[in-house]
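> here you go, sequence then predicted model.
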Amino acid sequence: MSTISSPHRHPVGFWRSVNNSFNAFAVEGFIDELAAAAKQDPYEYRRTLLANAPRDLGVLELAATKAGWGTPLPAGRGRGIAVYKSFESFAAQVAEVSVSPAGDVRVHRVVCAIDLCLHRAPSRRGTDRWRRRRDARARLPRATPTLRNLGRK
């Protein structure tokens with residue numbers, strides 16, 4: 001194995017992650033290009049595409065609302081928006097950024113909305129139950145968890 005160094009300002013290295021992380025960047029970047037070609041706002045363009053996808057649309061709308069999408073920004077700043085489904089969970093992010101005259105990118109704020117899906121293989125139910133009991137005993141060696149001492153009556 002060998003590497004080749006290339007002089008530039010940004011540090012690089014191999015990407016150790018699942019494919020959803022870099023696929024989301026490529027797909028959402030292309031969606032932005034489609035919105036620009038259609039002369040539409042990127043948020044509104046995505047809303048149209050996601051009309052029949054309520055969970056995607058839900059996180060998109062929440063992130064846009066919390067980020068103040070459509071409100072004026074300080075001079076020299078811009079916003080970007082993205083939404084992606086990964087492992088049955090849905091996430092949307094709005095980033096507020098600026099670029100200096102030298103080309104340096106600064107992220108001022110990121111707003112994220114996530115709709116999580118807790119997924120478990122049905123064949124592991126018994127094993128998971130055993131692990132939860134074991135973990136609870138390890139954390140509470142002298143206490144027995146009950147509905148009463150967990151704050152429920």
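Nice, thanks for sending it over. If you're wondering where the values come from, they're calculated on a predicted model, not measured in any experiment.
> show me how the record splits the chain into domains.
For the chain, automatic domain parsing gives the domain ranges 19-115, 121-153.
> tabulate those domains (TSV), appending mean neighbour count.
Where you see a C-beta, it was placed from the backbone N, CA and C, and this is true even at glycine. TSV is the format used below for the domains of the chain (neighbours: other CB atoms under 10 Å):
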stretch	mean neighbour count
domain 19-115	15
domain 121-153	9
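> which residues touch residue 66?
94, 111, 113 (CB atoms under 8 Å, 6 or more residues apart in numbering).
> could you verify my assumption that the last one touches residue 59?
Yes - contact status for residue 113 versus residue 59: in contact at 4.2 Å, counting by CB atoms under 8 Å.
> find the residues that touch each one of these two.
Joint contacts of residue 113 and residue 59 (CB under 8 Å, 6+ apart) are 91-92.
> below-threshold pLDDT in this structure: ranges please.
1-18, 118-153 (pLDDT under 70).
> residue boundaries of the helices in it?
19-37, 42-49, 54-67, 125-139 (DSSP state H).
> tell me, how many residues neighbour residue 116?
For residue 116, the tally of surrounding residues (other CB atoms under 10 Å) stands at 10.
> can you give me phi and psi for it?
The phi/psi pair for residue 116 (degrees, to the nearest 10) reads phi -80, psi 150.
> what sits against it?
Per CB under 8 Å, 6+ apart, neighbours of residue 116: residue 89.
> next: residue 71.
With CB under 8 Å, 6+ apart, residue 71 has no contacts at all.
> what about it, distance to residue 117?
Distance of residue 71 to residue 117, computed by CB to CB, to the nearest Å: 31 Å.
> thanks a lot, catch you later.
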